[in-house]
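Undergrad: pasting the structure only:
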């Protein structure tokens, strides 16, 4: 049985196979979570991102890239390029769905068992939190059926508002193939 867990925590402190990063198109670090991950992961991850930028250039929104996790408690970082919120009429929902879907597929390719996702795009990129949560959950849960290596997905919320939104949505889930665990706020 697959497990989907909600937790309020700092994603950079949780030991998992993969941490998904809400990255910018250059992969060279930006604001918010991307800045924190680059700072805490150290020079090995930074060099991997520089190399990817030299080889591939600016990455399209919705795409992902895999690097070492450096000094973080994970094997890998998946850098997911989330869309910026403009007005909802520029394919933001589909691009966010693509970022989650592609991240889960990449995690499956490297046979990850436990993957942690932040609230992609809801910080610096200003995606509406409820809409982003609905897209995240609505993309990840069905995709788990096609992800044989992945046994557990963590939705790691950094702020209480996102946590409460995810908690409300996840409390109403009914899927016999997925065990939903909501870890109470500390």
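TA: That came through, no problem. These figures come from a predicted structure and were not determined experimentally. Numbers count the residues shown, from 1 in each chain.
Undergrad: wait, is residue 29 part of a helix?
TA: No. Read with DSSP: H, G, I helix; E, B strand; the rest coil, residue 29 is coil and lies in no helix.
Undergrad: chain neighbours aside, what residue packs nearest to it?
TA: residue 38 (3.9 Å; C-beta to C-beta, 6 or more residues apart in numbering). The C-beta positions use only the backbone N, C-alpha and C, and glycine is treated the same way.
Undergrad: and for that neighbour, the neighbour number?
TA: When counting by other C-beta atoms under 10 Å, one arrives at 21 neighbours for residue 38.
Undergrad: equivalent analysis for residue 182, please.
TA: Residue 182 is flanked by 16 other residues according to other C-beta under 10 Å.
Undergrad: was I right about it contacting residue 170?
TA: Yes. Using C-beta atoms under 8 Å, residue 182 makes contact with residue 170 at a distance of 6.0 Å.
Undergrad: identify the contacts common to the two.
TA: residue 6 (C-beta atoms under 8 Å, 6 or more residues apart in numbering).
Undergrad: this structure: strands as residue ranges?
TA: Assigned by DSSP state E, the chain shows strands spanning 2-8, 18-23, 64-68, 76-81, 114-117, 152-157, 178-182.
Undergrad: surely residue 104 touches residue 140?
TA: Yes. Under the criterion of C-beta under 8 Å, residue 104 makes contact with residue 140 at 6.3 Å.
Undergrad: shared neighbours, these two?
TA: residue 153.
Undergrad: so for those two, which sits in the more crowded spot?
TA: In terms of neighbours (other C-beta under 10 Å), residue 104 is the more surrounded of residue 104 and residue 140; the figures are 26 against 23.
Undergrad: quick one: contacts for the residue lying closest to that one once chain neighbours are set aside?
TA: Among residues not flanking residue 104 along the chain, residue 143 sits closest, at 5.0 Å (C-beta to C-beta, 6+ apart). Going by C-beta under 8 Å, 6+ apart, residue 143 touches 100, 101, 104, 105.
Undergrad: tell me how many other residues crowd residue 166.
TA: Applying other C-beta under 10 Å, we find 25 residues neighbouring residue 166.
Undergrad: same question, residue 1
TA: Residue 1 has 7 nearby residues by other C-beta under 10 Å.
Undergrad: got it, and residue 110?
TA: Residues within reach of residue 110, counting by other C-beta under 10 Å, total 13.
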